[in-house]
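S.K.: no FASTA, just this:
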């Protein structure tokens, strides 16, 4: 799978400025903390959404969009997405970070490059995230994320293989 993803990555990323960051923590599947040049960077991973890993308003809101899905079920698979992210991204390792603005909570919107491709795309391709299509402006990037999503769904990767209804709730 990672070869599939690596072949799709990198096209639109290089229009953003990059810096090297040391991974400090994985909060959940779509939030990572890095240290770079003496600064902490709270990264909200661009273009993706994962189920929430804790009971909160967003978990309830996401679950309310679909009949038969509880916030507890969302959180169960949010913990799986977080676990995958923690197994893939190693604390103390260096990664290239491309920042593109901030979200409403003051976190940097980030694309994170790993030796295997873009973390953002890997999370979708491995079935632990869905694309946030309304935030993807470039057509080639949209096409990449659509291919990754289709691949994860058809191959029952990650959460798609356990409870596709949870992932369908996140799709916008």
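M.R.: Okay, I see it. Nothing here was measured: the structure is a model prediction, and the numbers come from that model.
S.K.: now for the longest strand along the chain, which elements pack on it?
M.R.: In the chain, assigned by DSSP state E, the strand with the most residues is strand 18-28. Packing partners of strand 18-28 (3 or more CB pairs under 8 Å, 6 or more residues apart in numbering; DSSP states H and E): strand 31-36, helix 71-88, strand 94-102. No exception for glycine: its C-beta is placed from N, CA and C like everyone else's.
S.K.: List the contacts of residue 112.
M.R.: Neighbouring residues of residue 112 by CB atoms under 8 Å, 6 or more residues apart in numbering: 32, 43, 45, 89, 95-98, 118-120.
S.K.: just the buried members of those residues?
M.R.: Neighbour counting with 16 or more other CB atoms under 10 Å marks 32, 43, 45, 89, 95, 97-98, 118-120 as buried within those.
S.K.: so can I have a markdown table of the helices and strands packed on strand 18-28 showing mean pLDDT?
M.R.: A markdown table is the format used below for the helices and strands packed on strand 18-28 (pLDDT from 0 to 100):
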| stretch | mean pLDDT |
| --- | --- |
| strand 31-36 | 97 |
| helix 71-88 | 94 |
| strand 94-102 | 94 |
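S.K.: With distance to residue 133 added, can I get these in CSV?
M.R.: Below are the helices and strands packed on strand 18-28 laid out as CSV (distance: least, CB to CB, whole Å):
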stretch, distance to residue 133
strand 31-36, 20
helix 71-88, 18
strand 94-102, 16
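S.K.: These: which one's closest to residue 124?
M.R.: helix 71-88 (10.9 Å; CB to CB).
S.K.: and that closest one with strand 18-28, angle?
M.R.: Angle between the axes of helix 71-88 and strand 18-28 is 140 degrees (criterion: axes from the mean of the first three to the mean of the last three CA atoms, to 10 degrees).
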